[in-house]
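Q: Got a predicted structure plus its sequence, pasted below:
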Amino acid sequence: MPELSTVWFLLLGFLFTGYAVLDGFDLGAGILHLFVARTDLERRQVMNAIGPVWDGNEVWLITAGGALFAAFPIVYATVFSGFYLAMMLVLAALIMRGISIEYRGKETATWWRSAWDVGFSVGSALVALLLGVALGNLLTGVPLDAGGVYRGGLIGLLNPFSLLVGVLTLALAAQQGASWLVLKTEGDLAERALKAQTVAQLVVLAAWLAATGFAFAGSLPAVDNFKSNAAAWIGPLLVANAIFFGFRATLMGQHFRAFICSSLTIVFLAITAAAALYPNLVPAVERARSLTVDNAHSSELTMQVMLVVAVLGMPIVIGYTSFIYWKFKGKVRLGEASY
């Protein structure tokens, strides 16, 4: 049986990937909101396309944060204290997009709704970008002192590779959101979402190739495992296939298949990131100071108890989530209770 710390590494990857896939289309709908929806009716359709599920999707991020605290408390402390300002910006952006969804329909004045439309779009874009920048920093290694404390500040996080990864996650969210809107809307709105989907697919491909080339050209820590372990290349190969078949599905008008390929692109990129990181959780510039699955985990008892909770709880969460998506399947239809 694998060590419990490795099992929890995989479980955390599952939770964060679930968040990226599910809240990815919520964020993407927000990113595209001002571009694909041009009338008040269309903008209401965009919000109602994610309305029944957006807050439930964000529970995956909360669960992942709680699991990180329980399984790897040192990592939790390092990330949330060292990246404090960046995390506060993410939190502010999440709050902004949430209240924009809820408050937009409270008044009918054009200026009121337009202001919340901007908040919804900007907040969504910031979350997708900043989470990508955070991932990029983990892949490059962060400056940790001997006590495991981050020394760098917000500006130190904005390095070229991390910004490239941020562009990639922004484009992935836009692709996921466009794919979802094509499934959930009709008419001119769906046609504009389809065009946005094609553009986003091209940006995803370009950003992925650019980030990969940058990592290998700069011999970043992110490529170490790929140089020493051929099995690590399974992730990138799967990503290439998902992107190719996503393009093919879009061109052939197979919209549900295109959404599945978009989701799989996120999953396979997450697998690639996990392969690049393991056994590290927070790689340090000075490798000996890295926080790994071996030196940063909680007690065996804690991981055992939490594993039992996860095994019992995850089927309930997955079942409930599946039921909600089945219940609200089909195209958006606006009613009195709609946003």
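A: Yep, it's here. Residues are numbered from 1 along each chain as shown.
Q: how about the strands in the chain?
A: Secondary structure of the chain (DSSP state E): strands at 280-282, 291-292.
Q: which one in this protein is furthest away from the centre?
A: residue 109 (33.4 Å; CA atoms, centre = their mean).
Q: Now that one. Its backbone dihedrals?
A: The phi/psi pair for residue 109 (degrees, to the nearest 10) reads phi -60, psi 140.
Q: quick one on the thing from earlier: quickly compare the strands of the chain and say which is most buried.
A: strand 280-282 (a mean of 24; mean count of other CB atoms under 10 Å). Heads up, the C-betas are built off the backbone N, CA and C, glycines and all.
Q: Sheet partners, orientation included, of it?
A: In the sheet, strand 280-282 lines up against strand 291-292 (antiparallel) (DSSP bridges).
Q: Contacts for the partner strand, please.
A: 72, 74-75, 78, 144, 148, 279-282, 284 (CB atoms under 8 Å, 6 or more residues apart in numbering).
Q: For my notes, please list the residues you listed in TSV and give pLDDT for each entry.
A: Putting the contacts of strand 291-292 into TSV (pLDDT from 0 to 100) gives the following:
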residue	pLDDT
72	94
74	90
75	91
78	87
144	82
148	72
279	91
280	91
281	92
282	90
284	85
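Q: Buried among the residues you listed? Make that a ChimeraX selection.
A: With 16 or more other CB atoms under 10 Å as the criterion, this ChimeraX line picks the buried residues out of the contacts of strand 291-292:
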select :72,75,78,144,148,280,281,282,284
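Q: Make JSON lines out of the contacts of strand 291-292 and add distance to residue 339.
A: Shown next, in JSON lines, are the contacts of strand 291-292 (distance: CB to CB, whole Å):
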{"residue": "72", "distance to residue 339": "38"}
{"residue": "74", "distance to residue 339": "42"}
{"residue": "75", "distance to residue 339": "37"}
{"residue": "78", "distance to residue 339": "39"}
{"residue": "144", "distance to residue 339": "44"}
{"residue": "148", "distance to residue 339": "44"}
{"residue": "279", "distance to residue 339": "45"}
{"residue": "280", "distance to residue 339": "42"}
{"residue": "281", "distance to residue 339": "38"}
{"residue": "282", "distance to residue 339": "39"}
{"residue": "284", "distance to residue 339": "45"}
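Q: Just the contacts of strand 291-292: which are in helices?
A: When DSSP state H is applied, the contacts of strand 291-292 are split such that 74-75, 78 fall in helices.
Q: Out of the residues you listed, which comes closest to residue 11?
A: residue 75 (13.8 Å; CB to CB).
Q: Against residue 228, how distant is the closest one?
A: Separation of residue 75 from residue 228 (CB to CB, to the nearest Å): 23 Å.
Q: Ok, residue 21 next?
A: 29 Å.
Q: And these two? Which one has more around it.
A: Ranked by neighbour count (other CB atoms under 10 Å), residue 21 and residue 228 place residue 21 first, with 20 against 8.
Q: Do I have it right that the more buried one meets residue 177?
A: No - using CB atoms under 8 Å, residue 21 is not in contact with residue 177, being 11.8 Å away.
Q: need the strands of the chain in TSV with distance to residue 11, can you?
A: Output for the strands of the chain, formatted as TSV (distance: least, CB to CB, whole Å):
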stretch	distance to residue 11
strand 280-282	13
strand 291-292	16
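Q: wait, which of the ones you listed is closest to residue 68?
A: Of these, nearest to residue 68 by CB to CB is strand 280-282, at 8.7 Å.
Q: May I see the buried residues of the lengthiest helix in the chain?
A: The helix that spans the most residues within the chain, counting by DSSP H, is helix 4-36. Buried residues in helix 4-36, counted by 16+ other CB under 10 Å: 4-5, 7-9, 11-34, 36.
Q: Residue 326: which of the strands of the chain is closest?
A: strand 280-282 (35.5 Å).
Q: gap between that closest one and the chain center?
A: 18 Å (CA atoms, centre = their mean, to the nearest Å).
Q: let's have the chain start at 599 instead
A: Happy to do that; since the first residue is 599 now, the last one works out to strand 878-880.
Q: So, low pLDDT: which residues of the protein?
A: 599-600, 935 (pLDDT under 70).
Q: show me where it has helices.
A: 602-634, 638-648, 652-669, 671-680, 682-701, 708-738, 751-754, 758-782, 785-815, 822-826, 832-849, 853-875, 898-925.
Q: For residue 891, which of those is the nearest?
A: That would be helix 602-634 among the helices of the chain, by CB to CB, at 4.1 Å.
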